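> this one's structure only:
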Ligand SMILES: Nc1ncnc2c1ncn2[C@@H]1O[C@H](COP(=O)(O)OP(=O)(O)OP(=O)(O)O)[C@@H](O)[C@H]1O
Ligand SMILES: O=C(O)[C@H](O)COP(=O)(O)O
C-alpha cells in the first residue's frame, strides 16, 4: 500500500450537460502505419465510441470532440478524417468532421451544432499552443482556450490517456467552464484504486516501448514510493539500461539510440541502478541481421535489436506468473513487423494466465491484446504513461485541473 491518495473528481452526475453545448476531450491517438499513414489499431476509438454513444443517448448534448494524434514531426502526426469515419461507424451516429480547430470554420461548425449531434475537431496539436506544457492557470489564457471556451456550456475530460499532459485542451478549459471527468476516465481511476490501495505483492512492472524519458520518471517514482518489487524492461528502455550497465549493444543499436535521443539519458539510468532500483534487463534478443532474424545473447549482439529473446521471454514470464499485481506498458519489440511480436505476445499470454490483478496500458501494447483471453483480473487501460505516472505517485495535471474546477464551479 502506498501513502498515495486519489483525489475526488467531479463526474457527469455533478454538472448539467443535458442539451448543452459540451467540449469533450477524448484520446483517440492510435498507432499509425509509418509508411501508409493507415490506422493500425482502432481500439481506443472503439472504447471511446461506446462512452460517446452512452453520453449522447443519456444527455443529448451538442457534443464537440477533441483529440490529438501523434506529435508534430513524427510519422503518426496526421489529421483526423479517418478517426471521424470510425467514430461514425462505432457510435452509429453521423460524426461530423471539421478540418480546423480554433479558426472560423471550426467555430462556425461548433455554433451550428444541434443537441444530439456530434462534431470532431481536427488534430488538436495542429494548434502550436497545445504542445506546450504549463500550469492550468497559464493554459486558461491561451488563444486556444480563449477562442473556444466561450462557445461551450461545459467541458468533459474523458482522455485519461493524456491526463499526464498539462496542455491547454487538458488543463485550460476546467478553469473557465463547469467541468467533469467522463465515464471512461472515471472507470480508469476506479481500476487504479485496486493497485494503489492494495497490499498485495510481488508487484511486477513490465515497461517497454520507446517513450524512455517518460518511463525513467515513472521508475524514479516507483523506487521512491517503493511501489515495485521488480521492473522488467523491454523495448528501447531495456537497451538504455543495458548500456547503463556497461553492456555493448553494437554500433547499429548505439546509432539508433543516439538518433532517438536516448544516449544522454545514460547517466540518469546509471543513477537509478545505483539507487538499487529492482531493474531486470534482457539476457537475449531477437535481432535482424542481413535481412535474417536471429536469437543472440547479450554478450554477442550484432545486427539491429528488434525484440526480446526466447530466454528472456521465459524468465520474464515466470516472474509475471508468480506475481500478485502486474502492470504492463509499451511493447517488447517492433510490433509493426509481425516477425517481432513474439516477446509482446508471450508476455501478454503470461499475464492472461497469471493469478495476478493485471493492468495493461499503452496504445501499441493494447493493440496486441487477444480480447478473447481477457478476464475480470485484467484491466486494459486506455492510458500508457498517464497510467504509470499516476501509479508511480505523480499527481496527474488533468486531475488537478478538475479538482480546481470543482472548487470554482461546484462548491
Ligand atoms: N527494440 C525496439 N526498437 C525500436 N522500436 C521499438 C522496439 N521495441 C518497441 N519499439 C517501438 O515502440 C513503439 C511503441 O512505443 P510506445 O512507447 O508508444 O508504446 P505504447 O504502448 O504506444 O504506449 P503509449 O500509448 O503510452 O504511447 C512501437 O512503435 C514499436 O515499434
Ligand atoms: O498514447 C499516449 O500515451 C497518449 O495519447 C499521450 O500521447 P503523447 O505521449 O504524444 O502526449
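Perfect, I can see it now. Every value quoted in this text rests on a predicted model; they were computed, and no experiment measured them. Ligands and ions are numbered 1, 2, ... in the order given.
> quick one: residues contacting residue 55.
When the contact criterion is CB atoms under 8 Å, 6 or more residues apart in numbering, the partners of residue 55 are 12, 17, 24, 61, 63, 156, 182-183. Where you see a C-beta, it was placed from the backbone N, CA and C, and this is true even at glycine.
> state the mean pLDDT of whatever helix or strand residue 253 lives in.
Residue 253 is located in helix 251-259, with elements delineated by DSSP states H and E. Along helix 251-259, the predicted confidence averages to a pLDDT of 97.
> repeat for stretch 268-283
If you average the per-residue pLDDT over stretch 268-283, you get 97.
> next: stretch 35-42.
Along stretch 35-42, the predicted local confidence has a mean pLDDT of 91.
> how far does it stretch from one end to the other?
Chord length of stretch 35-42, first to last residue, is 17 Å (CA to CA, to the nearest Å).
> ranking helices and strands of this structure by mean pLDDT, which lands last?
Within the chain, no helix or strand scores below helix 363-366, which has a mean of 80 by mean pLDDT, DSSP states H and E.
> who are the packing partners of that one?
In this structure, helix 363-366 packs against helix 43-59, with contacts taken as 3 or more CB pairs under 8 Å, 6 or more residues apart in numbering; DSSP states H and E.
> tell me how many other residues crowd the nearest residue to residue 100 once chain neighbours are set aside.
By the measure of CB to CB, 6 or more residues apart in numbering, the closest residue to residue 100 outside its immediate chain neighbours is residue 106, 3.8 Å from it. Neighbours of residue 106 under the rule other CB atoms under 10 Å: 21.
> still on that earlier bit, mind putting the contacts of residue 55 in JSON lines, neighbour count included?
Output for those, formatted as JSON lines (neighbours: other CB atoms under 10 Å):
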{"residue": "12", "neighbour count": "20"}
{"residue": "17", "neighbour count": "23"}
{"residue": "24", "neighbour count": "25"}
{"residue": "61", "neighbour count": "26"}
{"residue": "63", "neighbour count": "25"}
{"residue": "156", "neighbour count": "33"}
{"residue": "182", "neighbour count": "24"}
{"residue": "183", "neighbour count": "18"}
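> out of those, which is nearest to ligand 1?
Closest approach to ligand 1 among the contacts of residue 55 (CB to the nearest ligand atom): residue 182, at 18.2 Å.
> name the helices or strands packed onto the helix holding residue 253?
helix 235-244, strand 304-308.
> got the angle for that helix vs strand 304-308?
Angle of helix 251-259 versus strand 304-308, following axes from the mean of the first three to the mean of the last three CA atoms, to 10 degrees, is 80 degrees.
> residues in contact with helix 251-259?
Outside helix 251-259, the residues within contact range by CB under 8 Å, 6+ apart are 236, 239-240, 243, 249, 263, 301-305.
> what's the answer for stretch 261-272, then?
Taking contacts as CB under 8 Å, 6+ apart, the residues outside stretch 261-272 that touch it are 212-213, 216, 219-220, 223, 236, 239-241, 243-244, 254, 257, 279.
> span of that stretch from start to end?
18 Å.
> cool, stretch 147-165 as well?
The separation between the terminal residues of stretch 147-165, taken as CA to CA, is 21 Å.
> for it, which positions count as buried?
147-149, 152-165 (16 or more other CB atoms under 10 Å).
> tell me how far it lies from the chain's centre.
17 Å (CA atoms, centre = their mean, to the nearest Å).
> going forward can the numbers begin at 49, since that is how I track them
Noted, 49 is the first residue going forward, which turns the last one into stretch 195-213.
> could you give the average pLDDT over that stretch?
If you average the per-residue pLDDT over stretch 195-213, you get 97.
> which parts of the chain sit against ligand 1?
256-259, 283-284, 353-354, 377-379, 381-384, 410-413, 432-433 (CB under 6 Å from any ligand atom).
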